[in-house]
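J.: I need the structure of the sequence given here:
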Amino acid sequence: MEATISSTTARAYWNEAHTSTEPWLPRRVQARDRSPCSLSIPRPNNFLHLAVAHTGYRSRKSSLFKVFSAQKEQVQVVEGSSIDELYNALVARLLPPGPVSSNPDHKFFVGLAGPPGAGKSTLAHEVAKRVNKLWPEKTSEVAIVVPMDGFHLYRSELDAMENPEEAHTRRGAPWTFNPLRLLTCLNNLRIHGSVHVPSFDHGVGDPVEDDIFVNLQHKVVIVEGNYLLLEDGVWKEISSLFDEKWFIDIDIDKAMQRVLKRHISTGKPPDIAKQRVENNDRLNAELIMKSKKNADIIIKSIDF
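T.: The predicted model follows:
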């Protein structure tokens, strides 16, 4: 059975989450109840945490990237002259010896957030690839990336809102996602050890059900997405599940330039692409940047 919901109502619940001290009830913003996850073999639920330790930076012709702890008294900078310095610093946090491998039933959750155009997907997949290459046990893949994009509301759900045009125009805002479904998947993964999660087909513009399988052998799960470190309602519950929180900090203007090029490369006319950046992407980025303070590790981009 389907229920319709207006974008105005969805935004009202979002605003309510900002002002209320009561837990947000995300069921209210679900336009459709879909099967949240497909479960697999049960396993014990055990939480272990890594301490803040390694740092580093990356430099290219155009950018300097620093990795440092959000806790200022623990800031350390590892200098280098290549992108490998950045990846080595991040990968070192995830490789054994350490709590990640001390319990065979444990999965280490990394939440990687940042505004659109920050490079979250590129960084997440590169770190996962290097972890898999360097992990001492070569029997199976141990690191995997789960994109938050798979938890977009479907276009049909946006169509069912009171103002479908606004809903599609603002797609990418927090209220156009299904955070409860993401929370359910991550909780099930903690408890049961494996789960199917959706990916996102940018060509079609909708999630792809059960496209990613996080299995019992995966020890490092990097969840990447815009709103993972928000402090409101279900997003806060999601954030609390991460063993470590990373944030890519980038100048918003530079990020929006990247997003503009991305829109144009997908076929949008330049004027339409610019309008979307200013009326949607920038608004979302400004909100996301406020969550930087909740990160354990900040990856800082500074133009030369």
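J.: report all helices and strands that the strand or helix carrying Ala124 contacts.
T.: In the assignment (DSSP states H and E), Ala124 maps to helix 120-134. Judged by 3 or more Cβ pairs under 8 Å, 6 or more residues apart in numbering; DSSP states H and E, helix 120-134 is in contact with helix 83-92, strand 108-113, strand 143-147, strand 220-224. All C-beta spots, glycine's among them, are computed from the backbone N, C-alpha and C.
J.: dump the ones you listed into CSV; add mean neighbour count and mean pLDDT as well.
T.: Shown next, in CSV, are the helices and strands packed on helix 120-134 (neighbours: other Cβ atoms under 10 Å; pLDDT from 0 to 100):
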stretch, mean neighbour count, mean pLDDT
helix 83-92, 20, 84
strand 108-113, 26, 96
strand 143-147, 24, 97
strand 220-224, 25, 97
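J.: relative to Glu286, which of these is closest?
T.: Smallest distance to Glu286 across the helices and strands packed on helix 120-134 (Cβ to Cβ): 13.9 Å, for strand 108-113.
J.: what packs against that closest one?
T.: On a contact count with 3+ Cβ pairs under 8 Å, 6+ apart, strand 108-113 meets helix 120-134, strand 220-224, strand 244-249.
J.: list the contacts of it.
T.: 48, 50, 94, 99-100, 120, 123-124, 186, 190, 219-229, 238-239, 241-248, 288, 291, 295 (Cβ atoms under 8 Å, 6 or more residues apart in numbering).
J.: how about 7 Å then?
T.: If you take Cβ atoms under 7 Å, 6 or more residues apart in numbering as the criterion, strand 108-113 is touched by 94, 100, 120, 123-124, 219-226, 228-229, 239, 241-247, 288, 291.
J.: sorry, back to before: turn the helices and strands packed on helix 120-134 into JSON lines, including distance to Glu278.
T.: Formatted as JSON lines, the helices and strands packed on helix 120-134 follow (distance: least, Cβ to Cβ, whole Å):
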{"stretch": "helix 83-92", "distance to Glu278": "30"}
{"stretch": "strand 108-113", "distance to Glu278": "22"}
{"stretch": "strand 143-147", "distance to Glu278": "25"}
{"stretch": "strand 220-224", "distance to Glu278": "25"}
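J.: tell me which of these lies nearest to Ala160.
T.: strand 143-147 (24.1 Å).
J.: what about His202, neighbour count?
T.: 10 (other Cβ atoms under 10 Å).
J.: show me where this protein has its strands.
T.: Per DSSP state E, the chain carries strands over the ranges 38-39, 56-59, 63-69, 108-113, 143-147, 195-201, 206-214, 220-224, 244-249, 297-303.
J.: would you mind writing the CA trace of the fifth one as CSV?
T.: As requested, the backbone C-alpha atoms of strand 143-147 are provided in CSV (Å, rounded to 0.1, in the frame of the first residue of the first chain):
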residue,chain,number,x,y,z
ALA,A,143,36.8,-3.7,2.4
ILE,A,144,33.7,-2.5,0.6
VAL,A,145,32.0,0.8,-0.2
VAL,A,146,28.3,1.5,0.5
PRO,A,147,27.1,4.7,-1.3
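J.: surely Trp135 and Ala128 touch.
T.: No: the pair Trp135 / Ala128 is not scored as a contact, 10.6 Å apart, by Cβ atoms under 7 Å.
J.: tally of neighbours for Asn187?
T.: 17.
J.: could you check how far it is from Pro164?
T.: Distance, Asn187 to Pro164, using Cβ to Cβ, to the nearest Å: 31 Å.
J.: do Leu153 as well
T.: Note on Leu153: its distance to Pro164, by Cβ to Cβ, is 12 Å.
J.: more neighbours: those two, which one.
T.: Neighbours were counted for Leu153 and for Pro164 using other Cβ under 10 Å; Leu153 has more, 24 against 16.
J.: got phi/psi on the more buried one?
T.: phi -70, psi 150 (degrees, to the nearest 10).
J.: may I ask which helix or strand of this structure has the lowest mean pLDDT?
T.: Among the helices and strands of the chain, strand 56-59 carries the lowest confidence by mean pLDDT, DSSP states H and E, at a mean of 34.
J.: ok so, going back, buried sites along the helix holding Ala124?
T.: Buried residues in helix 120-134, counted by 16 or more other Cβ atoms under 10 Å: Lys120, Leu123, Ala124, His125, Glu126, Val127, Ala128, Arg130, Val131, Asn132, Leu134.
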